[in-house]
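1. Give me a 3D structure for the following:
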Amino acid sequence: MKNVIREKWHWLLISFFLLVETVVLLLLGDNIYASAHDNLELHVLDYHLLRENGLFFAHGAELPVLNGVSRDYFFSEFNIYSVLFLLFPTCYAYIIGIILKTVVGVFCTRLLARDILKDNYRKYESLAALVGFAYGLLPLYPMFAIYFTSIPYLIWILRRVCKREKGGFTLLFTYPFFSYFTFFGMFILGYMALYAIYLALTKSKYMIKMLLSVVVLAVGYMVFEYRLFGIMLFSGTKTIRDTMVFASCNAAEFFTAVVEVFCKGIFHAESVHTYFVMPVVLLYLAVKLVNSIYRKNIKGFLKNPVLLMILAIVFNCFVYGLFYLEPVRNFVAFLVPPVRGLQFNRTIFFNPFLWYAAFFAVLKQMYDARLFRLSNTLAVAAAAVVLLSNTKYNDLFQTVFNHTYEIVKQKEANNLSYREYFSTELFDKIKEEIGYEGEKAVAYGLDPGVLAYNGISTLDGVLSYYPLSYKETFRQVIAPALDREGNEAARVYYDDWGARAYLVSGSGESVSQPLRSYEVSDRNLYIDVQALRALDGVYVFSRIELENEDTLGIALVGTYVQKGLPYTIYLYQA
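-> Here you go, the predicted structure:
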């Protein structure tokens, strides 16, 4: 028994954590705390609507948001998250996705490490497991997290292809099941194409295999995400992406952005490397540089794999910054019109993997120097730093923190749990009392996704890709707020982006906050009621009691609350 613990302690540690995480999250169920931003309000909602309306495999159908949006604008049915939400109730599918993210990170890192290290794998097994564990724990964009943590699996597949091992091309063709084209696929293909060019210049025997891999993977993405490609290439419909205007920067701001994203990353791709992983890696490189200068072996330093990975990170950071240089952005759109409006700076999404790959390489060399205990300690510490990071998408931390706060302080946290955010019991009561029969509605003071989740058809909503014509139509509804003096920020936010088609405050206040309590100073609603009625809008669900309903010509139907839930809903009829 002692020998098992001594040899497999890392797997026991990881298994114990996964068991505790699974028990805690599944027992809490819809009492977990998860971020609403770009998450509950958007992708969790999308999958919920596909599930509740039976539309995963549907064609020629619409989802009841934004006055009805074609099913084809939403995720393909041939995707790992689609399978989860098809098989399990929404909240539990989300929780299983959180757990699977870590499992996939550990498994895929182990797979790649075994392939690279071969017979030496057993020597470094604890490092591979623990660094893979830290990588799998990262608080990444929850509904895309498996797309991040499966990257080692893609590299493993490509190595199989190059070594002509059986099934390589089949696995490569099916990889898009674990990926998403506009976030990862187009950049993976771009990097593979660049690597193929490098192989051609160096007259490598792997060049043909890599070119074939580009073709096979591209076809895989087109098959698995046929809906997206149909919209992008063949629909002829102009979307909000055609008119999106992104922030631009000058040279000084460009370099500031590059340095900042190198040091901190971005919240959709949290690598939590700033205070631990990065210092360890950079300190290692500094020591190696000094040593190489002393030994007059700069060429050896330049070939160091850790340095090469850091240079790749720097390159991705420069691409991130280049996106905010308008001439560069326009040039890319001119060369490849279908990607207009798509953020080609998402190469930054590969940096979390690169940081932890570099970290593993550093610890491996420490292992080679017989610093076994220190190496393992650093690997465990990296995982602990990630686990305890108070970041937007660290759902386990936010869940434990908020429940602990409520126990210790004996009062409710201001953040909302999953159950409180969607408040299903409250909206079921409202629908029953008003005899709801599918009338269209808008939300004010809460995310429209809350209404849609509860089976209420909405004219508003958030979606990163939908017809431009509807954006322009909905603008007429909110024009009185957007065009008010002093509300320039709201106007620019909608006109230059428009993914969030929300009712907005006329005074620049943020009124849709997923919090238990917050104050607003302006209780007037600025909308064109006639434009709302022209879209067959009937109801306004508001968390804010309006002071100008008479001026607008809308009537208060009722005020609704539900014990144990945070919202007070003022329901108005247009």
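
2. C-terminal to the helix or strand Trp11 falls within, what's the next element?
-> In this structure, Trp11 is located in helix 2-28 according to DSSP states H and E. Sequence-wise, the next helix or strand beyond helix 2-28 is helix 45-52, with elements assigned using DSSP H and E.

3. what helices or strands is that following helix leaning on?
-> strand 62-63, helix 80-87, helix 90-117, helix 448-453 (3 or more CB pairs under 8 Å, 6 or more residues apart in numbering; DSSP states H and E). Any C-beta I mention is one placed from the backbone N, CA and C, and that applies to glycine too.

4. if you compare the ones you listed, which one is most tucked away?
-> Per-stretch averages of neighbours, counted by mean count of other CB atoms under 10 Å, single out helix 448-453 among the helices and strands packed on helix 45-52, with a mean of 26.

5. Need the mean per-residue confidence for that one.
-> When pLDDT is averaged along helix 448-453, the result is 98.

6. Repeat that for stretch 307-327.
-> Model confidence over stretch 307-327, given as mean pLDDT, is 92.

7. One more: stretch 470-484?
-> Regarding stretch 470-484, the rounded mean pLDDT is 96.

8. before we move on, what about stretch 348-357?
-> Throughout stretch 348-357, pLDDT has a mean value of 97.

9. surely Val281 meets Leu363?
-> No. Applying CB atoms under 8 Å as the test, Val281 and Leu363 come out as separate, 9.9 Å apart.

10. More neighbours: those two, which one.
-> Between Val281 and Leu363, Leu363 has the larger neighbour count (other CB atoms under 10 Å), namely 27 against 23.

11. Quick check: which element contains that one?
-> Under DSSP H and E, the secondary-structure element containing Leu363 is helix 351-368.

12. Please export the alpha-carbon coordinates of the following helix or strand past that helix; CSV is fine.
-> Using DSSP H and E, the next helix or strand after helix 351-368 towards the C-terminus is helix 372-387. Taking only C-alpha atoms (Å, rounded to 0.1, in the frame of the first residue of the first chain), the coordinates of helix 372-387 have been written out as CSV:
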residue,chain,number,x,y,z
PHE,A,372,12.5,15.8,-7.7
ARG,A,373,10.8,17.1,-4.6
LEU,A,374,11.1,20.8,-5.6
SER,A,375,9.8,20.1,-9.1
ASN,A,376,6.8,18.2,-7.8
THR,A,377,6.2,20.9,-5.2
LEU,A,378,6.2,23.6,-7.9
ALA,A,379,3.8,21.6,-10.0
VAL,A,380,1.4,21.2,-7.1
ALA,A,381,1.7,24.9,-6.2
ALA,A,382,0.8,25.9,-9.8
ALA,A,383,-2.4,23.8,-9.5
ALA,A,384,-3.2,25.4,-6.2
VAL,A,385,-2.7,28.9,-7.5
VAL,A,386,-5.1,28.2,-10.3
LEU,A,387,-7.6,26.5,-8.0
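
13. Buried residues, the very next helix or strand once past helix 372-387. List them.
-> Following the chain from helix 372-387 toward its C-terminal end, the next helix or strand by DSSP H and E is helix 395-409. For helix 395-409, a neighbour-count test (16 or more other CB atoms under 10 Å) marks Asp395, Leu396, Phe397, Gln398, Thr399, Val400, Phe401, Asn402, His403 as buried.

14. farthest pair in these?
-> For those, with distances taken as CB to CB, the pair at the greatest spread is Asp395 and His403 (12.3 Å).
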